[in-house]
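Student: Let me see the structure of the following:
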Amino acid sequence: MNDEALLANIPEYITLGSAFLKATPAEEGGERLLYMEASNEDPDHQDEVVLQKALEESADYFLRHGNIDLSHYTLLGPKAGIPNHLEYEIGKPIEVSVEGTRTFVKAQLYKGDSAMARNANMVWDSLTKQSPPARWYPSVGGSVLSKSVQIDPATQQRVAVVDKVRWSNLALDRMPVNKTVPEISTIPVGTFTKSLGGFVIAKTLTAGYGTDSAALGGGASLRMQSLYGAPISDYDTFKTAIANALKSRDTTISVNEHPLKTRLIDWAESTGIDGNQAVSWVHRFLFDAAKDLKTKR
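Tutor: From the prediction side, this is the model:
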């Protein structure tokens, strides 16, 4: 079903054809793959910023020598005396892509009967065999080789800026140091969505902060919230607003040469929703729509 056919058949909310359902969480070619925005340049809980060029410069080292584990236990284990710490390793990175101030990673989980595979099985099952899926967040690990203290132009606060690292580890964690990285997904995100022609259906992603336009600064505070009577500050309000926009053939969505996902994100941002939250909620909207369609069949 092409975009225009899809837009012409909007019920209570959008439905997607079977081609989209192929993108639901599943093993690819028998391998279990995870996709994630591993890092960005937002200040973390420790008021530290990792420049993405530092990760990019160390990406080859990470791909050759790095691992995927749980809560950095393979790094912490030797010093902390964690028994069998290597059993917390669950996979390996297979691709890294840096897009501006964000770094994306594609990782492969182990499978089989080994101790490491058992932990990998637990992670995969928590994402694909339960409802709702478990929340896992990425956390970059390694050695800091160079950093300096600078003033954050947005907050005027002092932050430590890391500009050189030896990247050797990426952990799955419940409470990562980075405050804004989205949840790990079993569906391509970021750079890796290109193989889907611009469409992506992902499990729910949460950015962890509100989107009330009154709290936004600069141009974001001037966007079109008045069209909806109140700021779009929660997902249910967003879902209703975007469904109504689709049903009304809002020209900002329907008359556009870009892929539908891109159109929906642009529309969401035009209402005053933060960019990361817009991506998150559009992913969730498309996932909910696909799930509803699958249930009805």
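
Student: List the buried residues in the helix or strand containing Phe238.
Tutor: For Phe238, the element it lies in under DSSP states H and E is helix 235-247. Going by neighbour count (16 or more other Cβ atoms under 10 Å), the buried part of helix 235-247 is Tyr235, Phe238, Lys239, Ala241, Ile242, Ala243, Ala245, Leu246. Every residue, glycine included, has its C-beta placed from N, CA and C.

Student: okay if I get those as TSV plus pLDDT and distance to Asn84?
Tutor: Compiled in TSV, the buried residues of helix 235-247 are given as follows (pLDDT from 0 to 100; distance: Cβ to Cβ, whole Å):
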residue	pLDDT	distance to Asn84
Tyr235	77	40
Phe238	80	45
Lys239	80	45
Ala241	80	50
Ile242	78	48
Ala243	77	50
Ala245	73	53
Leu246	72	52
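
Student: Of those residues, which pair is most distant in space?
Tutor: Farthest apart among these by Cβ to Cβ are Tyr235 and Leu246. That separation is 16.1 Å.

Student: So which helix or strand of this structure has the lowest pLDDT on average?
Tutor: Least confident helix or strand, the chain: helix 18-21 with a mean of 34, by mean pLDDT, DSSP states H and E.

Student: just to revisit the earlier point, dump the helix holding Phe238 to PDB, restricted to CA.
Tutor: In PDB, the C-alpha atoms belonging to helix 235-247 read as follows (Å, rounded to 0.1, in the frame of the first residue of the first chain):
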ATOM      1  CA  TYR A 235       0.900  10.400  24.100                       C
ATOM      2  CA  ASP A 236      -2.900   9.900  24.100                       C
ATOM      3  CA  THR A 237      -3.400  13.600  23.100                       C
ATOM      4  CA  PHE A 238      -0.800  13.200  20.400                       C
ATOM      5  CA  LYS A 239      -2.400  10.000  19.000                       C
ATOM      6  CA  THR A 240      -5.800  11.700  18.800                       C
ATOM      7  CA  ALA A 241      -4.400  14.800  17.200                       C
ATOM      8  CA  ILE A 242      -2.300  13.000  14.600                       C
ATOM      9  CA  ALA A 243      -5.200  10.700  13.700                       C
ATOM     10  CA  ASN A 244      -7.500  13.700  13.200                       C
ATOM     11  CA  ALA A 245      -4.900  15.400  11.100                       C
ATOM     12  CA  LEU A 246      -4.600  12.300   8.900                       C
ATOM     13  CA  LYS A 247      -8.400  11.900   8.600                       C
END
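
Student: Checking the residue lying closest to Tyr235 once chain neighbours are set aside next. Helix, strand or coil?
Tutor: In space, and not counting its chain neighbours, Tyr235 is closest to Trp281: 5.8 Å by Cβ to Cβ, 6 or more residues apart in numbering. Under DSSP: H, G, I helix; E, B strand; the rest coil, the three-state class of Trp281 is helix.

Student: And Trp281, how far from Leu172?
Tutor: Shown here: Trp281 relative to Leu172, a distance of 23 Å by Cβ to Cβ, to the nearest Å.

Student: With Gln130 instead?
Tutor: On the measure of Cβ to Cβ, Gln130 and Leu172 end up 16 Å apart.

Student: Could you check which of those two is surrounded by more residues?
Tutor: Shown here are Gln130 and Leu172; by other Cβ atoms under 10 Å, Leu172 has more neighbours (27 against 9).

Student: Since that was my last question, I'll sign off now.
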